[in-house]
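Chemist: Sequence isn't available, so here's the structure alone:
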């Protein structure tokens, strides 16, 4: 006894996870298109799941869209972790994650559009990038790398510059993603209190390959 | 002959303008709340106008919401003009408009929410603030006040920092609007290439009263 019901349960769990994933994925596509005024029927059709299964996972459309934004933020957070692995200096970590984020825009336009369409409240969303950036900035302030009054102010400044970088790359497909990202990272470091010549040096250092989602 | 039909026509024009204004105003309220998935019926109810009159003014809901965002941007543009009147130096103009914008957030939270909820595409919207900021930045680059590769890059950087400032003030009602605005303005000037000591001086200068909408 035990194995058969357990196998059945885990099969059921996998199916539920697949349904949930399909709903989140469909919601992301709508968010990336800037179309959130769709019906639940349209969402379940796009996800290719039954209408009723929506309510096994989400109470409202807003709840699904929120989850879709947060899953996207979590993915960015994971990519940032991969990108900065091995670095110790908060200024280098910050520059690297910024320079990589700009380059990733060209490879993951849908994920980027989700964030660009989400409104400025994305800057205070506690999932994904913000907690990591806060920790980097806090350490950078403690170490005297950044001359900011507090990490909260710094994370908003950095987040606004990141949104602007992403929107610039999104709205101008011909712009040079590497050059623009490095320039924004450099000017951000300067605004955080790093000396201009050092900011330029840090933002001109070689980069590893762009990480991929697991 | 002439005066009566003309009076009737102008009465009709005024009524049409009032209806249009009521629709735009209702749309702004929904945008500020972050609720754009309302029906046209809900919009005309909120505007207290007949359902059918919607289509005399707008072909789609999206068209109305777009107009509501653009009217808001135009208002900000007018306020910025009033705030910087008499200034000549692009760095001072930029600092002043930034410092005033932060202070205005507390007085016009609805207008600010419209912009915060609109998504990062607001940074490339050609109405209102952007053309004015572009002109200031272009002149500042020509005069050597700003060390930026071009005004387009500069306007995105500045716009991102402005969005972040507004979101910070919106999400933290206890923050000191004057201190935070002046700090963001100072760091923005530095990132545009103004020397730190001069940026501090410019952003600490006395301000006129906050302008009001006509």
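Modeler: Thanks, I have the structure now. Note that this is a predicted model, so its numbers are computed, not measured.
Chemist: domain assignment for chain A?
Modeler: Structural domains annotated on chain A: A:3-58, A:66-203, as defined by automatic domain parsing.
Chemist: The helix or strand harbouring residue A:18 near chain B anywhere?
Modeler: Assigned by DSSP states H and E, residue A:18 belongs to helix A:3-33. No: interface with chain B: helix A:3-33 contributes nothing (Cβ under 8 Å from any Cβ of the partner chain), its closest point being 10.0 Å away. For the C-beta atoms, the positions are set from N, CA and C on the backbone; glycine is no exception.
Chemist: Tell me the helix or strand right after that helix.
Modeler: Following the chain from helix A:3-33 toward its C-terminal end, the next helix or strand by DSSP H and E is helix A:40-47.
Chemist: How far does that next one sit from its chain's centre?
Modeler: With Cα atoms, centre = their mean, to the nearest Å as the basis, the distance from the averaged C-alpha position of helix A:40-47 to the chain average is 24 Å.
Chemist: Please see if that helix touches chain B.
Modeler: No: between helix A:40-47 and chain B, judged by Cβ under 8 Å from any Cβ, nothing touches; the nearest distance is 11.2 Å.
Chemist: Quick check: the gap between the residue lying closest to residue A:51 once chain neighbours are set aside and chain B.
Modeler: Residue nearest to residue A:51 in three dimensions, not counting chain neighbours: residue A:44, with 4.8 Å by Cβ to Cβ, 6 or more residues apart in numbering or on different chains. When Cβ to the nearest Cβ, to the nearest Å is applied, the distance between residue A:44 and chain B equals 16 Å.
Chemist: Could you list which residues are in contact with residue A:44?
Modeler: For residue A:44, the contacting residues are A:23, A:26, A:50-51, A:53-54, by Cβ atoms under 8 Å, 6 or more residues apart in numbering or on different chains.
Chemist: Any of those buried? List them.
Modeler: A:23, A:26, A:53-54 (16 or more other Cβ atoms under 10 Å in any protein chain shown).
Chemist: interface residues of chain A facing chain B?
Modeler: So chain A meets chain B at A:34, A:36-37, A:61, A:115-121, A:123-124, A:149, A:152-153, A:156-157, A:159-168, A:170-172, A:180, A:183-184, A:187-188, A:190-192 (Cβ under 8 Å from any Cβ).
Chemist: try 7 Å this time
Modeler: Counting by Cβ under 7 Å from any Cβ of the partner chain, the residues of chain A close to chain B are A:36-37, A:116-121, A:123-124, A:149, A:153, A:156-157, A:159-161, A:163-164, A:166-168, A:171, A:183-184, A:187-188, A:190-191.
Chemist: Which PyMOL command selects the buried ones in the residues you listed?
Modeler: Here the buried members of those are turned into a PyMOL selection, burial being counted by 16+ other Cβ under 10 Å:
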select buried, chain A and resi 36+37+116+117+118+119+120+123+124+153+156+157+159+160+161+163+164+166+167+168+183+184+187+188+190+191
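Chemist: Please work out which of the domains of chain A is packed deepest.
Modeler: With neighbours defined as mean count of other Cβ atoms under 10 Å in any protein chain shown, the domains of chain A peak in mean count at domain A:66-203, which reaches a mean of 20.
Chemist: Mean confidence (pLDDT) on it, please.
Modeler: Per-residue pLDDT values across domain A:66-203 average out to 93.
Chemist: check contacts around residue A:92.
Modeler: Taking Cβ atoms under 7 Å, 6 or more residues apart in numbering or on different chains as the criterion, residue A:92 is in contact with residue A:202.
Chemist: And the next helix or strand past the helix or strand encompassing it?
Modeler: Here residue A:92, judged by DSSP H and E, is contained in helix A:90-107. Sequence-wise, the next helix or strand beyond helix A:90-107 is helix A:109-117, with elements assigned using DSSP H and E.
Chemist: the inter-axis angle of that next one versus helix A:3-33?
Modeler: For helix A:109-117 and helix A:3-33, the angle between their directions (axes from the mean of the first three to the mean of the last three Cα atoms, to 10 degrees) works out to 60 degrees.
Chemist: Show me what helix A:109-117 packs onto, helices and strands only.
Modeler: The contact analysis (3 or more Cβ pairs under 7 Å, 6 or more residues apart in numbering or on different chains; DSSP states H and E) places helix A:109-117 against helix A:3-33, helix A:61-84, helix A:151-171.
Chemist: Just send the ones you listed back as CSV, with distance to residue B:206 too.
Modeler: Putting the helices and strands packed on helix A:109-117 into CSV (distance: least, Cβ to Cβ, whole Å) gives the following:
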stretch, distance to residue B:206
helix A:3-33, 45
helix A:61-84, 41
helix A:151-171, 23
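Chemist: out of those helices, which comes closest to residue A:102?
Modeler: Of all those, it is helix A:151-171 that lies closest to residue A:102, at 5.4 Å by Cβ to Cβ.
Chemist: Okay, angle between the closest one and helix A:61-84 too, please.
Modeler: Using the same axes, to 10 degrees, one finds that helix A:151-171 and helix A:61-84 are set 100 degrees apart in direction.
Chemist: what helices or strands is the next helix or strand after helix A:151-171 leaning on?
Modeler: Of the helices and strands lying after helix A:151-171 in sequence (DSSP H and E), the nearest is helix A:177-192. Counting contacts by 3+ Cβ pairs under 7 Å, 6+ apart, helix A:177-192 packs against helix A:90-107, helix A:151-171, helix A:196-203, helix B:151-171, helix B:177-192.
Chemist: which residues sit against the shortest one?
Modeler: The contact list for helix A:196-203, computed with Cβ under 7 Å, 6+ apart, reads A:91-92, A:95, A:99, A:182, A:185-186, A:189-190.
Chemist: Nearest to residue A:68 among these?
Modeler: Within the contacts of helix A:196-203, proximity to residue A:68 (Cβ to Cβ) peaks at residue A:99, which comes in at 26.6 Å.
Chemist: Residue A:22 is in contact with residue A:49, correct?
Modeler: Yes: counting by Cβ atoms under 7 Å, residue A:22 is a contact partner of residue A:49 at 5.5 Å.
Chemist: Identify the contacts common to those two.
Modeler: With contacts taken as Cβ under 7 Å, 6+ apart, not a single residue reaches both residue A:49 and residue A:22.
Chemist: check contacts around residue A:194.
Modeler: Going by Cβ under 7 Å, 6+ apart, the list of residues near residue A:194 reads A:91, A:145.
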